[in-house]
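# okay, here's the prediction I keep looking at, along with the sequence it came from:
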Amino acid sequence: MTRTGKTAARRRRLRAGAPVPLLVPALLGLAFLVVPLIALLVRAPWRSMPELLTSAEVWDALRLSLVCATAATAVSLVVGVPLAWLLARVEFPGRGLVRALVTLPLVLPPVVGGVALLMALGRNGIVGQWLDSWFGITLPFTTAGVVVAEAFVAMPFLVISVEGTLRAADPRFEEAAATLGASRFTAFRRVTLPLIAPGVAAGAVLAWARALGEFGATITFAGNFPGRTQTMPLAVYLALQSDPEAAIALSLVLLAVSVAVLAGLRDRWMTAS
Amino acid sequence: MTGLDAHLVVDRGEFRLDIALTVAPGEVVALLGPNGAGKSTALRALAGLTPLSDGHLQLDGEELDRTPPEHRPVGVVFQDYLLFPHLTALDNVAFGPRCQGASRAESRARAAEWLDRMGLADHAQAKPRRLSGGQAQRVALARALALNPRLLLLDEPLAALDARTRLEVRAALRRHLADFEAVAVLVTHDPLDAMVLADRLVVVEHGRVVQQGAPSHIARHPRTDYIAQLVGLNLYRGEADGHAVRVEGAAEVITTEDLRGPVFVAFPPSAVTLHRDRPTGSSARNLWRCEVAGLESHGDQIRADLTGELALAADLTTVAAAELELHPGATVWATVKAAETHAYPA
């Protein structure tokens, strides 16, 4: 082997290894993320699992969680996709501000979101009082309230994801549709939407997963009534105080759902490039 | 008035397009020009995708300036076709009729008819990614024609094709354009496409029309360096006094024409003969001392870029170039027969 060949080989070996000051914190970080999940599996009461998971309360909570998360995702799709389109395709003054406002629930503590929802849609809220007196609709502490709270927290995920996909999509397809006689809405419905469908689906799954795990805004705005507003995360929290084994069992169900979601999205997010 | 009557002005600060364009029904006009000349902007303005800053746009007597693109009787074939990737070839072509209000069945029937006419009946159910470049181009043309447009716009219709496909598609496109009864405007930077496809060329440079006319006329009478290079001519502007034309600078070109005043004089690079030493007894009446600035091979030909008494391009065979020991910096003598030059009033 020539001299330059040897140096090249050494350089390759060096690059393959990682320096200790980076390696140690990296492994610590990995352990920090993985050990709790392993602990959950280790401590799971596998023997009593069947009875724990077949109790009526668990099924009620699980069913309610799935129904509300799905409804919240549907609400997010109906208003969130057009909102993403507006942000991506229409130039208007204050667009940056609107985008910031849409993103805010992503970083807002969910409890604050719940309080804010009460102020807006509560019986005496600035919108809620009219909903109550005109239509007789009350949202707080109802199943519909759960959907509202979850949609509030989950929709930004969908909007951000869809907007990103829209920006990456070639707007000239919409121009081509226009020259073929399509109005902007027809172009959106028949050309843009099918083209961005994968992005919409990914955003919907993300929003759904976020809605499924929603705790703070839900308990603040909708309360914790079994069968009506008690979703899985709320049930886990309550069970932890009276029956830790049941809490672990419920947590495992949520973990399983999360893993399934991640598996479904692996092509999109688990490949590095 | 029938046909297209347009004065397109698009002002974008650093760039301004300002061209007048009139096209009769049945006529095919090519906007020819270098990249960035404003050809595509002109096409977008005609389609309504770029608003006019000023000017007007009339088609068969109808004002279209403020009509949004979806309400213009205009069909567009885009440079990379922009076929909708999620729709079959048939549904791509049916898209326009469907938007115009035809029923689904009717739109599909019309689309099938157009695909049949393009020889693509077998590919009706194929998605665009399964079509070859030539097939995609024909689907795009069918999609634009299925609208029964009164103005057909083609943006670099052959640019996305490889050389061999290009030849076939160009011939087919020419037939379809000949059958087309309304106004057709195509944009290209390829002079051959323009000359084969169009009845009239409009040469656009820096957002302005610099020359227009029949392809053969423009080829013989180029008025700018760009066109001269396109059609492969050495072009000079000068002052004629009889057979002698004094070209900007010092050199003189002897022609057979007898003209006075400002003229253009042109000759093809193939008319130039190069010599290592000053030729004696050559019958050629034009003789200039030049220096080789660059060499470029064109197939089995070499094009020499010369500077010196007269800047010119000369074509010679590889063998001749080797015998002359041509290399950048070498001194050569260039001769051109007067009969090979062509002078015309500027």
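Sure thing, it's come through.
# sticking with residue 153, tell me its helix or strand.
You didn't say which chain, so I picked chain A. helix A:143-168 (DSSP states H and E).
# the intended chain is chain B.
Residue B:153 belongs to strand B:151-155, assigned by DSSP H and E.
# name every strand pairing with that strand and say which way it goes.
Strand B:151-155 has the following strand partners under DSSP bridges: strand B:74-77 (parallel), strand B:183-188 (parallel).
# average pLDDT for that strand, rounded please.
Per-residue pLDDT over strand B:151-155 has a mean of 94.
# next: stretch A:45-60.
Mean predicted confidence for stretch A:45-60 is 82.
# what does that stretch contact?
Residues from elsewhere that reach stretch A:45-60, judged by C-beta atoms under 8 Å, 6 or more residues apart in numbering or on different chains: A:226-227, A:230, A:235, A:245-246, A:248-250, A:252-253. All C-beta spots, glycine's among them, are computed from the backbone N, C-alpha and C.
# make it 6 Å
The contact list for stretch A:45-60, computed with C-beta atoms under 6 Å, 6 or more residues apart in numbering or on different chains, reads A:227, A:245-246, A:249.
# next one: stretch B:194-209
B:16-19, B:27-33, B:37-39, B:170, B:174, B:188, B:210-212, B:215, B:218, B:226-227.
# do the same with stretch A:166-179
A:88, A:187, A:191-192, A:195-196, B:47, B:49, B:69-70, B:76, B:82.
# please redo it, this time with the cut-off set to 8 Å
A:84-85, A:88-89, A:184, A:186-188, A:190-192, A:195-196, A:199, B:47-49, B:68-70, B:72, B:74-76, B:78, B:82, B:84, B:95, B:99, B:144.
# stretch B:211-221 too?
Under C-beta under 8 Å, 6+ apart, the answer for stretch B:211-221 is B:194-195, B:198-203, B:222-224, B:227, B:231, B:264, B:266, B:342, B:344.
# burial check on residue B:101, number of neighbours?
9 (other C-beta atoms under 10 Å in any protein chain shown).
# quick check, it in a helix?
No - assignment of residue B:101 by DSSP: H, G, I helix; E, B strand; the rest coil gives coil, placing it outside any helix.
# where does the residue lying closest to residue B:45 once chain neighbours are set aside sit: helix, strand or coil?
Leaving out its chain neighbours, the residue that sits closest to residue B:45 by C-beta to C-beta, 6 or more residues apart in numbering or on different chains is residue B:8, at 4.8 Å. Put simply, residue B:8 is strand when judged by three-state DSSP.
# who does residue B:8 bridge with?
residue B:19, residue B:55.
# just give me the neighbour total for it.
There are 24 residues near residue B:8, going by other C-beta under 10 Å.
# any idea how far chain A is from it?
17 Å (C-beta to the nearest C-beta, to the nearest Å).
# residues in contact with the residue nearest the centre of chain A?
In chain A, the residue lying closest to the centroid (C-alpha atoms, centre = their mean) is residue A:210, at 2.6 Å. Residue A:210 sits next to A:150, A:153-154, A:157 when contact means C-beta under 8 Å, 6+ apart.
# let's see 10 Å
A:69, A:72-73, A:76, A:106, A:110, A:150, A:153-158 (C-beta atoms under 10 Å, 6 or more residues apart in numbering or on different chains).
# return the residues of the stretch 51-200 of chain A in contact with chain B.
Residues of the stretch 51-200 of chain A lying close to chain B (C-beta under 10 Å from any C-beta of the partner chain) are A:170, A:172-184, A:186-187, A:190-191, A:193-195, A:197.
# now go through the residues you listed and say which are in helices.
A:172-179, A:184, A:186-187, A:193-195, A:197 (DSSP state H).
# spell out the secondary structure type for residue B:25.
Applying three-state DSSP: residue B:25 is coil.
# so it versus residue B:151, what's the distance?
Noted for residue B:25: a distance of 10 Å to residue B:151, by C-beta to C-beta, to the nearest Å.
# shared neighbours of the two, which are they?
Contacts common to residue B:25 and residue B:151, judged by C-beta under 10 Å, 6+ apart, are B:3-4, B:59-60, B:182-184.
# and those, which of them are in strands?
With strands taken from DSSP state E, the overlap with the shared contacts of residue B:25 and residue B:151 comprises B:4, B:59, B:183-184.
# can you redo these as a markdown table with neighbour count and pLDDT?
Compiled in a markdown table, those are given as follows (neighbours: other C-beta atoms under 10 Å in any protein chain shown; pLDDT from 0 to 100):
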| residue | neighbour count | pLDDT |
| --- | --- | --- |
| B:4 | 24 | 93 |
| B:59 | 25 | 92 |
| B:183 | 28 | 93 |
| B:184 | 26 | 93 |
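# test my guess that residue B:26 contacts residue B:3.
Yes - between residue B:26 and residue B:3 there is a contact at 8.6 Å, judged by C-beta atoms under 10 Å.
# what is in contact with these two at once?
B:182-183.
# give me the three-state assignment for residue B:244.
Strictly by three-state DSSP, residue B:244 counts as strand.
# burial count for it?
Neighbours of residue B:244 (other C-beta under 10 Å): 16.
# give me the pLDDT for it.
Taking residue B:244 on its own, its pLDDT is 90.
# confidence score at the closest residue to chain B within the stretch 101-250 of chain A?
Nearest to chain B, among the residues of the stretch 101-250 of chain A, is residue A:181, at 3.6 Å (C-beta to the nearest C-beta). If you check residue A:181, the pLDDT there is 93.
# part of a helix, is residue B:264?
No - with three-state DSSP as the criterion, residue B:264 is assigned strand and is not in a helix.
# wait, it sits on residue B:248?
No - Residue B:264 is beyond contact range of residue B:248, at 11.5 Å (criterion: C-beta under 10 Å).
# give me the common contacts of those two.
With C-beta under 10 Å, 6+ apart, residue B:264 and residue B:248 have common neighbours B:236-238.
# now those residues: which count as buried?
B:236, B:238 (16 or more other C-beta atoms under 10 Å in any protein chain shown).
# possible to save the shared contacts of residue B:264 and residue B:248 as TSV with distance to residue B:53, pLDDT and secondary structure?
Formatted as TSV, the shared contacts of residue B:264 and residue B:248 follow (distance: C-beta to C-beta, whole Å; pLDDT from 0 to 100; DSSP: H, G, I helix; E, B strand; the rest coil):
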residue	distance to residue B:53	pLDDT	secondary structure
B:236	36	85	strand
B:237	32	83	strand
B:238	38	87	strand
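# show me the strands in the stretch 51-200 of chain B, by range?
B:54-59, B:62-63, B:74-77, B:151-155, B:183-188, B:200-205 (DSSP state E, counting those that start in this stretch).
# re the thing from before, could you identify the most distant pair in the ones in strands among the shared contacts of residue B:25 and residue B:151?
B:59 and B:184 (12.4 Å; C-beta to C-beta).
# please enumerate the shared neighbours of these two.
B:4, B:23, B:25, B:149, B:151.
# find the closest residue to chain A in the stretch 51-200 of chain B.
residue B:99 (3.6 Å).
# domain ranges for chain A, per the record?
A:1-42, A:50-269 (automatic domain parsing).
# which of the residues of the stretch 51-200 of chain A next to chain B are buried?
Applying 16+ other C-beta under 10 Å to these flags A:173-182, A:184, A:186-187, A:190-191, A:195 as buried.
# show me where chain B has its helices.
B:39-47, B:89-99, B:104-117, B:133-145, B:163-179, B:191-197, B:215-220, B:225-230, B:318-323.
# let me have these in TSV, adding distance to residue B:303 as columns.
Shown next, in TSV, are the helices of chain B (distance: least, C-beta to C-beta, whole Å):
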stretch	distance to residue B:303
helix B:39-47	26
helix B:89-99	42
helix B:104-117	42
helix B:133-145	29
helix B:163-179	19
helix B:191-197	16
helix B:215-220	18
helix B:225-230	11
helix B:318-323	10
